[in-house]
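# Following is a predicted model, sequence given first.
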Amino acid sequence: MNEMNLFSDIRALVVSALEEMSASGELPEGLDFANVSVEPPRDAAHGDMATNAAMVLARAAKRKPRDIAEALAPRLARDERIASAEVAGPGFLNLRLAPSVWAGVIGAVLRAGADYGRSHMGAGRRINVEYVSANPTGPLHVGHTRGAVFGDALSSLLEFAGYEVTREYYINDGGAQVDVLARSAYERYREACGLVPEISEGLYPGDYLVPVGEALKEKYGESLLDRPESEWLEEVRSFATERMMEMIRADLAALGVKMDVFFSEKSLYGTGRIEQALEVLREKGLIYEGVLEPPRGKKPEDWEPRVQTLFRSTAFGDDVDRPVKKSDGSWTYFAPDIAYHYDKIERGFDALIDVLGADHGGYVKRMKAAVAALSEGRVPLDIKLTQLVRLFRDGEPFKMSKRAGNFVTLRDVVDQVGPDVTRFVMLTRKNDAPLDFDFARVLEQSRENPVFYVQYAHARVCSLLRKAEAAGISLTDEPQLRDEAEFAVARKLADWPRQVEIAARTHEPHRIAFYLYELASDFHALWNKGNENPALRFLQEGDPAASAAKIALPRAVAVVISAGLGILGVTPAEEMR
């Protein structure tokens, strides 16, 4: 797996040279090389790679950075892969690689195929990624769409980097909102029985509950009409929740999202599981009876000091301790969340990721505190917040959906532009930045539209390969690289394994979308150069051997674009319509 990661190979060369310098007395022994990196230089004119080794070791080595760099450079230059090693500025070391190295990258991509860029970084460690987790009270809306795409792409990215991932959806079916759902569905049931529904303030008004009301009538006839709420509420709640989850599963399927686990919040109530999790914290001295200070700023008029059961989350960096049980003895919403995360820890995950909407920002510190306490710091929890999506059509705000009542549904978006475009566009911004989604712009066939630009690069290669096959050209893994534009594409391909590891380590799948756009850009630039300079064309008239060697580079581009789109959950285009 991952036959070649050029950046980690050259970093290994740098570390090996530094170890030699320590052994020979040029550097002190016992230096920590963990922060030594090899990356593309900020300015491509400076070389192919740069290392910060001299800069990060100078203080511990009690040497000037430039002196370390000047001693390191000739050691690196002895390696046949290094064409030159030049010291720059205060002590950066810029490396130029031999042309044969870049040809080797293309060969490595073609030999590894879809596995090029896969990493052993995760080493089979188990990660739980919880995402979407929308209340089961209606169809998914556009905000859920962003969380769904982000969580799904992050899961695929982590798998590509060697982790074992469980994709999980937490069904919030234990709170008051499912009682509201039941009452709303009951009004649609009354409507199905020929009565006028009373959709009062606070109930869900969307048309999506009409078929649920009809299904209730089909099952119960008119037998629920004369019964008091206390008799029908539980049955209708369970029936409506199940129907909503069927709708949500269908919405996710339309987006290409499949969950491994659906976990019911209700399963935590009345089963002792909440009590068990809190008992673990109580044994650690982290649960106590106390009175919270009034909220900072102005004290609400109805505020009164009340004794509550509190979790000592300030011991883990939270601002205040958090109530887990109200003064009336009922659980706060935080209590089942603690129990749910305790369940994840008990299932043996090595790390947890929660993908939540930006409105859950206040939840981050308390949940991290609970997981740190429950796992004794063994299991890290990363909470990723996804910001709002603003919808436009031709620059005008997009109007709401009648079916849903007052919001645009996931289906509205997917039906208009398709799952591939939806997914890619949702990943063109970092998760915590707001995203503008213009229905007209995302379907444009232009460089300004990253989805089209990346897909067009892949489709161009597919078209090229069809022409090569028709011309009887047999393919080779031995490329021919001569022009700077060809080397630029090869350098970008060499960066793919490094980008995968950075994106996986930071839990930032948008980096993959950015990388693909840059790769497509370099490839289109080379293609356009070939329009002006016949020597750069991939198909060389009357020279099958030269054509085969030229085509190796675009074939490698298609391999990497296909792998990257696979991580994002987007189908690569073989031709543009």
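Structure received.

# show me what contacts the closest residue to Leu427 other than its chain neighbours?
Nearest residue to Leu427, sequence neighbours excluded (C-beta to C-beta, 6 or more residues apart in numbering): Ala513, at 4.3 Å. For every residue, glycine as well, the C-beta is placed using N, CA and C. Residues near Ala513 by C-beta atoms under 8 Å, 6 or more residues apart in numbering: 424, 427-428, 450, 564, 568.

# which SS class is Ala513?
Of the three states, Ala513 takes helix under DSSP: H, G, I helix; E, B strand; the rest coil.

# Please apply the same query to the one 10 residues further on.
Three-state call for Phe523 (three-state DSSP): helix.

# mind checking how far it is from Ser230?
Look at Phe523 and Ser230: by C-beta to C-beta, to the nearest Å, they are 66 Å apart.

# Those two: who's more crowded?
Neighbours were counted for Phe523 and for Ser230 using other C-beta atoms under 10 Å; Phe523 has more, 28 against 7.

# next one: phi and psi at Ala549?
Main-chain torsions, Ala549, degrees, to the nearest 10: phi -70, psi -40.

# what about it, how many residues close to it?
Ala549 has 21 neighbours, counted by other C-beta under 10 Å.

# Please report how far the residue lying closest to it once chain neighbours are set aside lies from Ala44.
Nearest residue to Ala549 in three dimensions, chain neighbours excluded: Gln480, at 3.6 Å (C-beta to C-beta, 6+ apart). Distance from Gln480 to Ala44, counting by C-beta to C-beta: 22 Å.

# which of these two has more neighbours?
Neighbour count, other C-beta under 10 Å: between Gln480 and Ala44, Gln480 has more, with 18 against 12.

# residues in contact with that one?
103, 546, 549-550, 552.

# need those in JSON lines with secondary structure, pLDDT and distance to Leu268, can you?
Listed next are the contacts of Gln480 as JSON lines, based on DSSP: H, G, I helix; E, B strand; the rest coil; pLDDT from 0 to 100; distance: C-beta to C-beta, whole Å:
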{"residue": "Ala103", "secondary structure": "helix", "pLDDT": "96", "distance to Leu268": "58"}
{"residue": "Ala546", "secondary structure": "helix", "pLDDT": "96", "distance to Leu268": "67"}
{"residue": "Ala549", "secondary structure": "helix", "pLDDT": "96", "distance to Leu268": "62"}
{"residue": "Lys550", "secondary structure": "helix", "pLDDT": "97", "distance to Leu268": "61"}
{"residue": "Ala552", "secondary structure": "helix", "pLDDT": "98", "distance to Leu268": "56"}
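
# Just name the closest of those to Ser463, please.
Nearest to Ser463, judged by C-beta to C-beta, of the contacts of Gln480 is Lys550 at 14.9 Å.

# Tell me the backbone dihedrals of Asp495, please.
Main-chain dihedrals, Asp495, degrees, to the nearest 10: phi -80, psi -10.

# shouldn't it be in contact with Ala44?
No. Counting by C-beta atoms under 8 Å, Asp495 sits too far from Ala44 to count as a contact (11.7 Å).

# Now name the helix or strand holding Ser156.
Element membership for Ser156 (DSSP states H and E) is helix 142-160.

# Need the CA coordinates for that helix. PDB is fine.
C-alpha atoms of helix 142-160 as PDB (Å, rounded to 0.1, in the frame of the first residue of the first chain):
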ATOM      1  CA  VAL A 142     -29.900  22.200   3.700                       C
ATOM      2  CA  GLY A 143     -27.900  22.700   6.900                       C
ATOM      3  CA  HIS A 144     -28.000  18.900   7.600                       C
ATOM      4  CA  THR A 145     -26.800  18.400   4.000                       C
ATOM      5  CA  ARG A 146     -23.600  20.100   4.800                       C
ATOM      6  CA  GLY A 147     -23.000  18.100   8.000                       C
ATOM      7  CA  ALA A 148     -23.900  14.900   6.100                       C
ATOM      8  CA  VAL A 149     -21.400  15.500   3.300                       C
ATOM      9  CA  PHE A 150     -18.700  16.700   5.700                       C
ATOM     10  CA  GLY A 151     -19.100  13.700   8.000                       C
ATOM     11  CA  ASP A 152     -19.200  11.200   5.100                       C
ATOM     12  CA  ALA A 153     -16.200  12.700   3.300                       C
ATOM     13  CA  LEU A 154     -14.300  12.800   6.600                       C
ATOM     14  CA  SER A 155     -15.100   9.100   7.200                       C
ATOM     15  CA  SER A 156     -13.900   8.100   3.700                       C
ATOM     16  CA  LEU A 157     -10.700  10.200   4.100                       C
ATOM     17  CA  LEU A 158      -9.900   8.500   7.400                       C
ATOM     18  CA  GLU A 159     -10.500   5.100   5.900                       C
ATOM     19  CA  PHE A 160      -8.100   6.100   3.000                       C
END
